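[1] build the 3D model from these lines:
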Amino acid sequence: MAIEGPVAIILAAGQGKRMKSDRAKVLHEVCGRSMISYVVDAARGAGARTIVVVVGYAAEQLYDALDGEPDIRFAVQSEQLGTGHAVKVCRPLLEGYEGPVMVLVGDEPLLRPEPLADLFDRQRREGASCLLGTAEVGDPTGFGRILRDSAGRFLRIVEERDCTPEERAIREVNPSCYVFELPALWDALDQINTSNAQGEYYLTDAPEQLMRTGGKVLALNVLSADDILGVNTRQHLAQAGAIMQARIQDHWMTEGVSIVDPGNTYIDGRAAIGRDTVVHPFTVITGDVKIGERCKVGPFAHLRPGTVLADGVEVGAFVEVNRSSLGSGTVARHLAYLGDAQVGEGVNVGCGAITANFDGERKHPTTIGDGARIGSNAVLVAPVEVGAGAVVGAGAVVPKGEVPPGATVVGVPARPVKPPAEG
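    Numbering: from 1, shown residues only. So this is what the prediction gives:
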């Protein structure tokens, strides 16, 4: 099958020993999504049409996580012989392809598509054999340094372990973000060796090798310090999460959502929120939650995966919603749990009301019709259906079954209220 370009290679074979985890490092989550999913999205957003993920440690986990992605292929690095070797194992997959290839690492989840698209565009316009995206950082520890001549032209990359004291002081760094031209890159990789402190094949040697053979190599400072935060520890993961959370909230506020206290609110990267919705403090929104327009959420609300709130819904203090949909105008203002529930429009869920959806073995659904009223501390034992306009009295326990439309039930177990005798 012919390769459709541009191509992106994402290096994801490392174990990440400092994470102290059995999970592949790039599958650790930032705001609800794996790190590598963000990098894949950035590559796609930059214009990559084919993505090659280099796997090694816990490869099966990567196969499972990225299964079904039609533009993703996998290359296996069975031995960890360095970043140059990691790229080289992609050669059989890309045989015959000529054109730009972007190389990224899978543990930089904050990479944005815009600067990466600029790199693709500039490499094409300049006809460069290699274009490096660089960044200036306050603390360059851990990064290779960018060396330039007196005119500011790129000379080479020096890995930190190989730096002199003067080179260690340089703050322009290499975050492992490149655009190479194929097949020139393959020729350069054939020429590099392991004469370095690590005894590995460094991809960072390829730009200098291309220059030796007359190739044009440019280094462009187009990335921010946040963009290139690499995650190697749990502390780094928390830092990345804080930055990503700020980006997520900034996006939704730009789209017309009010977040009263951003520092005390958590919104998953997969959530979607409609304009004029207000999110109050200490709200946690996890998973693929969908919230309509003009909703009120929180404070202290927890919306879990599979939650759908239609327009004008209110979910208030200490309300938890899980795998449930609430119709427009429905309110659950305090101390309620709605799990596996389909709730109609204009429903009032009283304080302390819950759907008891788990019988010890399986989860069961609850259906509540339009305009129903569920009294305080009522328990709906699923599977149960409450008809449109029905009323469940305070403290009632509705066993499995049905409350007819328009009926009123009270008590434990809940029974219909008898109409008063005539005469």
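
[2] measure stretch 141-155 end to end?
    Here the two ends of stretch 141-155 are set 20 Å apart, with distance taken as Cα to Cα, to the nearest Å.

[3] same question, stretch 32-52
    Length of stretch 32-52, first residue to last, Cα to Cα: 23 Å.

[4] for that stretch, give the mean pLDDT please.
    If you average the pLDDT over stretch 32-52, you get 98.

[5] buried residues in that stretch, which are they?
    Judged by neighbour count using 16 or more other Cβ atoms under 10 Å, the buried positions of stretch 32-52 are 32, 34-44, 46-48, 50-52. Yep, even glycine has a C-beta here, placed from its N, CA and C like the rest.

[6] which ones among those lie within helices?
    Secondary structure of the buried residues of stretch 32-52 is defined by DSSP state H; positions in helices are 35-44, 46.

[7] most widely separated two among the residues you listed?
    When these are compared pair by pair using Cβ to Cβ, the farthest-apart members prove to be 35 and 46, with a separation of 17.0 Å.

[8] how about the residue nearest to residue 269 when sequence neighbours are not counted, what does it touch?
    If the residues on either side of it in the chain are set aside, residue 269 comes closest to residue 31, at 4.3 Å by Cβ to Cβ, 6 or more residues apart in numbering. With contacts defined as Cβ atoms under 8 Å, 6 or more residues apart in numbering, the neighbours of residue 31 are 241, 244-245, 248, 267-269.

[9] now with 7 Å, please.
    241, 244-245, 248, 268-269 (Cβ atoms under 7 Å, 6 or more residues apart in numbering).

[10] likewise residue 367?
    Taking Cβ under 7 Å, 6+ apart as the test, what residue 367 contacts is 342, 385-386.

[11] what's the distance between the residue nearest to residue 7 when sequence neighbours are not counted and residue 283?
    Sequence neighbours aside, residue 101 is the residue nearest to residue 7 in space, at 4.4 Å (criterion: Cβ to Cβ, 6+ apart). Separation of residue 101 from residue 283 (Cβ to Cβ, to the nearest Å): 43 Å.

[12] also residue 138?
    Counting by Cβ to Cβ, the gap from residue 138 to residue 283 is 33 Å.

[13] for residue 365, same thing?
    Here the distance between residue 365 and residue 283 works out to 25 Å (Cβ to Cβ).

[14] the more surrounded of these two?
    residue 283 (24 against 16; other Cβ atoms under 10 Å).

[15] spatially nearest residue to the more buried one, not counting backbone neighbours?
    In this structure, residue 283 finds its nearest non-sequential neighbour in residue 298, 3.6 Å apart by Cβ to Cβ, 6+ apart.
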